[in-house]
Structures are given as structure tokens and as C-alpha cells.
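*Asks:* This is a predicted model, with the sequence first.
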Amino acid sequence: MEPCIVGWGHTKFGALKDRTLEDLIVAAAREALDHAGLPAAEVDGIWLGHFNSGMVGDAFASSLVLSLDEDLRFTPATRCENACASGSAAIYSALDAVRAGSAKVALVIGVEKMTELDTRGVTKALAGASYQKEESDVSFPQIFGRIAGQYFQNFGDQSEALARIAVKNHRNAMSNPLAHLHKEVTFEFCNTVSEKNPMIAAPLRMTDCSLISDGAAAMVIVAPGMAADFPQAVTFRSAVQVNDFLPMSRRDMTALAGPARAFDLAYERAGIGVGDVDFAEVHDCFTIAELMIYEAMGLTPRGKGARAIAEGVVAKGGSCPVNLSGGLKAKGHPVGATGVSMHVMAARQLTGAAEGMQAEGAEIGLVFNMGGSGVANYCSVLEAAR
């Protein structure tokens, strides 16, 4: 058996003006340790996922969690950064340490404090995750707008499908008390450009874009032989990282080849197919990303992703519900926290602790976290250890 997640914590996501980066780190970590029933003294190593890119002044944040408990003092702590997949980078680094035997108990935290800057400042900070030699003057909404435009040119106008994805994820977030937005939206609103739903980067509208959020999530990962000591345990059937070229000019941006490779390897190593997946949490930084991820994960052929939303496959109650948490679109996207949040949400599903978000009979969960425009790709297949 692989290492197991045995405890988790998750702050609310949103514009948390009264909470500092340190506050968020400590709150999520405290909840994770309490949930696992572990004292801080038993933690062998700490991994922090934190993109930052100038969004806050705390560029050296790995030791901030030590203020949680004196017993964490002198515990090795490492900050991991891989754009919007920084949280998964921290998880996978911790997994490597546990597999190698250098840690039996790992504390992983993902965090971001984005609202210290205005929208223009956040947009500039996030643009640091693109290929500066060719893309320094292009924002991420514009990058995914270009991707959507190329996809539409190849496969037809998908505006209605994107609107339906936004509606689905907003509806799902209504059942998630930790989500940034608790507001249902109609198909007509999402599918219409208006003063309240302006075009951000054609063909993407405001409702096609994820949120600027603050928040943190955390988990405790232990060596396989320790799992029986905890009331809940979720294990990794597989955990795959695939990186693709950074320049968009070297890739077919309508194919998401890196994500597709990550899914294929994750299924192979887990010994499953897409039909065995009971639910998925995927990286819907923009609705076009979720649409194309349907294809990359094998739910539909290439160019036919709209079928998954039109036929209800990815809806709650469908054969493979996607983003029951509300996804980045409505749960929120504090970038360093996102990968950890996805794994926490999946762990809750697999242990029957997802409450209003619960997928009935969930046994195998899929998590996909992406850094940049399909550059850093992390895919996990999870199941309850017992």
C-alpha cells in the first residue's frame, strides 16, 4: 500500500481581508493535525505549497507554520512552487519523503493570499507562470481565451457548453460551506455578455473565469504501516506528474497533451480505466479548461467534450461527477492551496464525509491539478484504505 492521508483541514476560501498568510497556514494545519489526532511533536517534515509571485511580501513562508506549536520548532520545512500546481507539488514531495523512509509523518499545507493586490496586480503576478520570452505581454485569461478561440475554430462554437459548466459548478458550490461563492447562476446569464458578465478575453466571459481567492488547506500523510492507527485513511492508487514544454508555440493548444499523458499513466499505474472513476476534482481555472479536461481524461473523444456536460455525465448524480466542490470556478482558486484542497475534497468523498457534496457510493476518486497552460500536470487516483 502507498502512503495514506489520515487527516485534513481546510479554511473557507474567499476574500479573507482580516486573515494573514500565517493565519491561514496555521488554521489549516491545526485542523489537519487535530483531525488526524496527532500531536505536533510527531511531525517529521513540513511541505508548503505557495506560488506567491509577488502577491504577498512573505516569500520565505515555509516556517510560518512553526508558530502553531512549540513542538514544531526545528522540524524541516520546505516551500514548493510549481505555478497553480504548487499544492500538488508539495503533496508529491511529501509522498517521496515518506516512500523513501526519511519521514513517517508529513504535514502538507497549500496556501495563497491573493487579495493583497488588486485584479491588475494579481493578473500580472500570475503571468509570471508563462514563457516570458514569447508570452510576457499575455495574461492568463488571454492565454485561455486564445486556447478557446483555437478550439472553437477547430470544433465549433462551444459557448453554450462553457456556460453550462459554469452553471454546474456554481450549483455544486451551494453545497460546499467552504466555497468562495454561494450564488447560483442561470444558463441565460452565463451565456449572455452583459454589464454584469462582460467579455474578459474573447470568447471567455466573466463567468468562464475562476476567482481571485485567499485560503489554505492541509493534510497529514503517514507511512503505509501506520494507516491502521487512524479512524480515516485514504491511499494513493497512483500519483503521476507530467511536465510539458513551457512555450505555447511548441504545443497544439487544443489537445492538452500533457494532461492526457498524466491521466493515461495514472490509470495504467492504478490498474483502472476512466469508467472506474466515481468522481473527479479537476483544474477548471477557466471553463474551457474543464471542457478540454473531459477529453484528456477520456470521458469523450477529442473535440466532443461538450457531450459530457450536455448528457449529464459530469453532473451530480452522473456517472462521473466533476467538481462537486464547486471547482476553482466557484469554490475559489487560491493558487498555492488548490492542489491540496482538491485532495482534501476527494478524501472527504472517499470517507463519506463530504456531507451535501457527497457522491453516493464513491470508491475511486480522481484529482487533476494543472500548473500553467497544461505545463505542470499532477494526476492522483485515490481510494479509501479501508
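*Replies:* Structure's in. What do you need? Numbering: from 1, shown residues only.
*Asks:* The stretch 151-300 of the chain: helices as residue ranges?
*Replies:* Using DSSP state H, counting those that start in this stretch, the helices of the stretch 151-300 of the chain run over residues 159-173, 187-190, 257-270, 287-296.
*Asks:* So which of these is the most surrounded?
*Replies:* Compared across these, helix 287-296 shows the largest average neighbour count, a mean of 27 (mean count of other Cβ atoms under 10 Å). The way it works is simple: take the backbone N, C-alpha and C, and place the C-beta from them, glycine included.
*Asks:* Let me see the mean pLDDT of it.
*Replies:* Here helix 287-296 scores 98 as its mean pLDDT.
*Asks:* Likewise for stretch 331-351?
*Replies:* For stretch 331-351, mean pLDDT is 98.
*Asks:* same deal with stretch 81-99?
*Replies:* Rounded mean pLDDT across stretch 81-99 is 98.
*Asks:* Identify each buried residue in that stretch, please.
*Replies:* Within stretch 81-99, the residues scored as buried using 16 or more other Cβ atoms under 10 Å are 81-95, 97-98.
*Asks:* got it, and stretch 44-56?
*Replies:* Quick answer for stretch 44-56 (16+ other Cβ under 10 Å): D44, G45, I46, W47, L48, G49, H50, F51, N52, S53, M55, V56.
*Asks:* Any chance of JSON lines for those residues, columns pLDDT and secondary structure?
*Replies:* What follows is the buried residues of stretch 44-56, written out as JSON lines (pLDDT from 0 to 100; DSSP: H, G, I helix; E, B strand; the rest coil):
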{"residue": "D44", "pLDDT": "98", "secondary structure": "coil"}
{"residue": "G45", "pLDDT": "98", "secondary structure": "strand"}
{"residue": "I46", "pLDDT": "98", "secondary structure": "strand"}
{"residue": "W47", "pLDDT": "98", "secondary structure": "strand"}
{"residue": "L48", "pLDDT": "98", "secondary structure": "strand"}
{"residue": "G49", "pLDDT": "98", "secondary structure": "strand"}
{"residue": "H50", "pLDDT": "98", "secondary structure": "coil"}
{"residue": "F51", "pLDDT": "98", "secondary structure": "coil"}
{"residue": "N52", "pLDDT": "96", "secondary structure": "coil"}
{"residue": "S53", "pLDDT": "95", "secondary structure": "coil"}
{"residue": "M55", "pLDDT": "97", "secondary structure": "coil"}
{"residue": "V56", "pLDDT": "96", "secondary structure": "coil"}
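*Asks:* Closest one of those to L16?
*Replies:* Nearest to L16 among the buried residues of stretch 44-56, counting by Cβ to Cβ, is V56 at 12.4 Å.
*Asks:* my guess is the closest one meets L24, correct?
*Replies:* No - between V56 and L24 there is no contact under Cβ atoms under 8 Å: 10.6 Å.
*Asks:* Overlap of the contact sets of those two?
*Replies:* In terms of Cβ atoms under 8 Å, 6 or more residues apart in numbering, V56 and L24 are both contacted by the residues K113.
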